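>>> Provide a 3D model corresponding to the input given below.
(chains A and B)
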Number of protein chains: 2
Amino acid sequence: MNLHKRQSSIVGLFLGLSVFVLSCESSKVLVYPLHGSHWVNMKVLIEALHSKGHSITVIRPSSSLYVEEDPSLFTTITVNDGIENMGEYLTEHLNEMMELKRGEKSVLTFLKIQWNFFPVISYLHLVACNTVSKIIEDKELIKRLQDEQYDLFLTDPAMTAAVVLGRYLKLPLVLNARWITSGEGHFAIAPSPLSYIPILDTGLSDRMTFFQRVKNSLFYAMTLFQEKFVVGPHYKALCDKYFDEDCDIVSFLQEADIWLMRLDFVFDFPRPTMPNVVYMGGFQCKPAKPLPEDLEAFVQSSGEHGFIIMSLGTMVDSLPADIADEIAAVFAKLPQKVIWRHLGPKPSTLGNNTLLVNWMPQNDLLGHSKIKAFVAHGGTNGVQEAIYHGVPVLGIPLVFDQLDNLVRIQTRGAAKILELSQLDGQTFEQMLLEVLNDDSYRTNMQRLSSLHRDQPVKPLDSAVFWIEYVMRNKGAPHLRTKAYRMPWYSYHSVDVTLFLLSTAAVLTFTTVAFIRWVCCRACGKRKVKNE
Amino acid sequence: MNLHKRQSSIVGLFLGLSVFVLSCESSKVLVYPLHGSHWVNMKVLIEALHSKGHSITVIRPSSSLYVEEDPSLFTTITVNDGIENMGEYLTEHLNEMMELKRGEKSVLTFLKIQWNFFPVISYLHLVACNTVSKIIEDKELIKRLQDEQYDLFLTDPAMTAAVVLGRYLKLPLVLNARWITSGEGHFAIAPSPLSYIPILDTGLSDRMTFFQRVKNSLFYAMTLFQEKFVVGPHYKALCDKYFDEDCDIVSFLQEADIWLMRLDFVFDFPRPTMPNVVYMGGFQCKPAKPLPEDLEAFVQSSGEHGFIIMSLGTMVDSLPADIADEIAAVFAKLPQKVIWRHLGPKPSTLGNNTLLVNWMPQNDLLGHSKIKAFVAHGGTNGVQEAIYHGVPVLGIPLVFDQLDNLVRIQTRGAAKILELSQLDGQTFEQMLLEVLNDDSYRTNMQRLSSLHRDQPVKPLDSAVFWIEYVMRNKGAPHLRTKAYRMPWYSYHSVDVTLFLLSTAAVLTFTTVAFIRWVCCRACGKRKVKNE
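Alright, predicted model coming up:
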């Protein structure tokens, strides 16, 4: 491929901001997505790549949740991973985790949750690794994948296994990333001082007291333990089986050409990063479309008071009935209208102003001029949409990164957090009224919205640019440091420090010894003389 | 200022890449430039800001080199710093440094150069600090600067003093940066492991042997010594005089909203960075304009052989006569034509194919289709222009960062370096012929050129966007970590580590003591029983 040929035009000044626009031949992209809400994100990228004329193949383990075939967008290769009821298995464990969180919130609760979750996380990684192993062992399939000569391998590294397949196929690698086993994606590639970079599920910000920093370090040790001993062995086994070089779960990740991070620094706290990280936080956000007629009528009936929406995501079953009743009773007292995505039995205290729905056009509602607040569980997608549309949030974090997402907007004064362990009617009412009536939440969220929109290139366009960049240039090794390959003692200059200290010690010792010897000789002579 | 009002339009899809385009009201920018080649860079930004309708005021110490008034572009405030002959002073010391480099190249030479240069660097910072102090003490001038209510303070941090004025005026701060006292600009803000980040003037790359890492650490210690003890006291004095809080040379720099770095990762080695760093390497590069008629005729007369240009920058006097003679003799043997910017006496061996000039349109020559090679001293501007136009380089580094710049392109196989200590006719001829005849140099440089041009936004437009961003949003504190304010032992978690180790030690000791006590009691009882 000759870049100069494909460099169709350099667009001149355009309203004061000119861009290099490089065309990219139609290419073949192999996508290995993760399921659940991660698939929602990946599909946005797939749609964007498809609209640019690239052909896409998706590898779909048979137990994947939500990953449906869509021949108009992509070719699907379904791999039978022999797992049944993955959804039930996950829901059961998430509910258990949520139940634990309803108890008192303490460091011990976290450690207990983490400890209980180790077998689950180990099982999930084992299943993922076995699936990759199955693909490699299936001679016909792996030959088909090799013969296709894809230009790119695109995956989500929250479950690293797929990355191993990309490396086996020797394809340029782009990650659509937020989490890895040891926390947020940067932990695999960028220096991450624990003194100001909070660990997943600690609920800490970038400004910590001494004991918060102690807590942060302990939590990091736990995630490191998980990485090294709970899931690490599955990857070591894959490495020993299929690769000649030394590798582990982290080194697989460090080979990525570009990390498309699903965050930006309007949302996240500032932290060290690397040249091969591209921030595409909010890439899935888009302007609101008009609502269906009945929903628009309901929303308009709220008059000047406006409306609230509540949704706690799709991964966890409905709230316990007692809590749902208390929430419904609070809603019933409000002058606002409420649209509540609620799957469980109808609360007995439901007011006339509250509409229960199975599904809602969340983005279109968040972008509606009458919206006043968003009661949310704090999933990344929802929080990013709230930022994009400038809607203040009352967050009820359930599992995973939800607390962390909410802490980020709470720190900016754009949200309140109501933890499961504190959740009852009274605190819910008090916090909701604060978010509704204290203008600062709305003002702060709208400032975040302005900042988020104030970018030289839209996040989705940036993501597509860098994916095409990797395809055009057959990788991006110049943006990736090779320093990760150094032994830890060299990387951290422990060897150099010890060498310099020893040299200094030897020099000092020799000098002192020499001076003493000279002095002694001088004294000795004087003594002899005096005698 | 309401961002939404100013958000004039979101430009739709434009050849597949859409950009948010935000207008920015005409604003007032206060620029405090550094002189010499740094001014060349700053003027490019000033021109771009002027073309966007912003009004610019430039503070110009009277001894500044090259910083000329230009009322069509900016208002000038000249501050009499009472220094005469700054140019001669600098040239004298640079020639002395160059003379030292002509001797054997060794660690000791470097240390000697560095040691000799300490009084010079201290004097330059002292002059700069005194000038800032003069401005603050001049009640009329400082009132005028305060009353103007500038929207931004733009400066080059290689001489930190100007930053102090920006902070005194409490203005949002953007740095047009490459160097600070302790090396490359990142050293003030981003983690910079010495194991793979080479220090200024070491000539090292990002892959070092053990002893190269030792050398790198020693050199860093030297620059740190310079920062703390040679120039640091001047800044401490300014801090004590004009600010209530604790500050030093580095903390002044850490307050910057945005660092516009004059590099990118096509040029530099990958390294950790921060969210408030914007890379604008090559922002000054532009397509070649047609040459003056006589020069075009000379260049065309080279036929298929093409031509070479040679320029060693403006800061150092001409090469010693013996070396100039040897170089001219080599040029005379070549089938290529040569254009040589040479200020000293005409070499006795000059061939007919060589044209001596006082000045050349370097960018237009580098962008000419017949150019074959660039013999350069390795200044950032020249190297960036060579990358932009894809012209292979034979580098003869003289002083400052020139060796480091050249090492970066040599590592990519796009240049050869001929150090002053090795420079004679034979090595010059051998290396020049290699660069001319071995196609890989050209191919590699053209690959760098392609990569450099493959960016979502042109570097200069990106720079202007972020300058206007800081003005629109009255700063960018969300992109800047506050972690720098932590004490070093907290930042590096030394306190937490000691606390955790002590706790572990106490727990172990208590447990062991308890077990011993239980065992002893058991033994004691048994003894008593047995007795």
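>>> what domains does the record give for chain A?
Using automatic domain parsing, the domain parsing of chain A gives A:27-283+A:458-485, A:293-453, A:489-530.
>>> list the buried ones in the host helix or strand of A:Ser440?
Using DSSP states H and E, A:Ser440 falls within helix A:439-453. Residues of helix A:439-453 classed as buried: A:Tyr441, A:Arg442, A:Asn444, A:Met445, A:Gln446, A:Arg447, A:Leu448, A:Ser449, A:Ser450, A:Leu451, A:His452, A:Arg453 (neighbour count, 16 or more other CB atoms under 10 Å in any protein chain shown). (C-beta placed from N, C-alpha, C; glycine too.)
>>> Now do the same contact list for the fourth one.
This means A:Met445. By CB atoms under 8 Å, 6 or more residues apart in numbering or on different chains, A:Met445 lies in contact with A:Ala386, A:Ile387, A:Gly390, A:Val391, A:Pro392, A:Val393, A:Ile409, A:Ala414, A:Ala415.
>>> And for the second one?
The contact partners of A:Arg442, taken as CB under 8 Å, 6+ apart, are A:Gly390, A:Pro392.
>>> And it, how far from A:Pro392?
A:Arg442 is 5 Å from A:Pro392, where distance means CB to CB, to the nearest Å.
>>> circling back: wait, does whichever helix or strand comes after the helix holding A:Ser440 contact chain B?
Heading C-terminal from helix A:439-453, the first helix or strand you meet, by DSSP H and E, is helix A:459-472. Yes. Using CB under 8 Å from any CB of the partner chain, helix A:459-472 comes into contact with chain B via A:Asp461, A:Ser462, A:Val464, A:Phe465, A:Trp466, A:Tyr469, A:Arg472.
>>> What angle do helix A:459-472 and the helix holding A:Ser440 make with each other?
30 degrees (axes from the mean of the first three to the mean of the last three CA atoms, to 10 degrees).
>>> and helix A:439-453, how far from the chain's centre?
22 Å (CA atoms, centre = their mean, to the nearest Å).
>>> Please save the CA atoms from it in PDB.
The C-alpha trace of helix A:439-453 is given here as PDB (Å, rounded to 0.1, in the frame of the first residue of the first chain):
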ATOM      1  CA  ASP A 439     -29.300  24.300  40.600                       C
ATOM      2  CA  SER A 440     -25.500  23.700  41.000                       C
ATOM      3  CA  TYR A 441     -25.900  20.000  39.900                       C
ATOM      4  CA  ARG A 442     -27.500  21.000  36.600                       C
ATOM      5  CA  THR A 443     -25.000  23.900  36.100                       C
ATOM      6  CA  ASN A 444     -22.000  21.600  36.800                       C
ATOM      7  CA  MET A 445     -23.300  18.900  34.500                       C
ATOM      8  CA  GLN A 446     -23.800  21.300  31.700                       C
ATOM      9  CA  ARG A 447     -20.300  22.600  32.100                       C
ATOM     10  CA  LEU A 448     -19.100  19.000  31.800                       C
ATOM     11  CA  SER A 449     -21.300  18.700  28.700                       C
ATOM     12  CA  SER A 450     -19.800  21.800  27.200                       C
ATOM     13  CA  LEU A 451     -16.200  20.600  27.900                       C
ATOM     14  CA  HIS A 452     -17.000  17.200  26.500                       C
ATOM     15  CA  ARG A 453     -18.300  18.700  23.200                       C
END
